[in-house]
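>>> Need a 3D model of the sequence below.
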Amino acid sequence: MLFNGQAMAQANAPQASGLSRTLVGRADVSVPGREAVVAKVEVAPGSRAGRHTHPGDEISYVTDGEVDLLVDGQPARTLKAGESFVIPAGVVHDAHNASGAPARLVGVYVVEKGKPLATPVP
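Predicted coordinates for the structure are as follows:
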């Protein structure tokens, strides 16, 4: 996987005060104009990721802790370590860590090249 300074800064920029996203890798995929971005994601205890969208699909796996996944138009789901989820492109969502321990995930984003990895939504 390849890295560049702008891409790393974009992926590593905090989305909300309780969320951190650390870029692990990035590579082209078989769909023209798209790339896969792999990131370690952490939601701090008692924090929210913040409502946001992605310019492509998110496929994530909870490695530690648990989060309440809030997807617009769907009932909230509590996901624990060992569980995964998929968020389609452009769908507004949030994650809330109501526990006293960090929630850690591995996120894979298959997104449009050149667009911000995440866009906040009010």
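>>> for G56, which residues make a bridge with it?
G56 has these beta-bridge partners by DSSP bridges: V111.
>>> Could you pull up the residues touching it?
For G56, the residues meeting the contact criterion (C-beta atoms under 8 Å, 6 or more residues apart in numbering) are R34, A89, Y109, V110, V111, E112. Placement of C-beta: from N, CA and C, glycine included.
>>> Check what pLDDT the closest residue in space to the third one that isn't next to it in sequence gets.
This points to Y109. Excluding its sequence neighbours, the residue lying closest to Y109 (C-beta to C-beta, 6 or more residues apart in numbering) is V37, at 4.5 Å. Here the pLDDT value assigned to V37 is 97.
>>> G56 versus V37, what's the distance?
Using C-beta to C-beta, to the nearest Å, one obtains 9 Å as the distance from V37 to G56.
>>> who touches both of those two?
For the pair V37 and G56, residues contacting each of them under the criterion C-beta under 8 Å, 6+ apart are Y109, V111.
>>> picking up where we left off before, does the residue nearest to Y109 touch K113 like I think?
No - in this structure V37 lies outside contact range of K113 using C-beta atoms under 8 Å: 9.9 Å.
>>> residue ranges for the strands of this structure, please.
Per DSSP state E, the chain carries strands over the ranges 19-28, 34-43, 52-53, 56-64, 66-71, 77-80, 84-87, 93-96, 103-112, 119-120.
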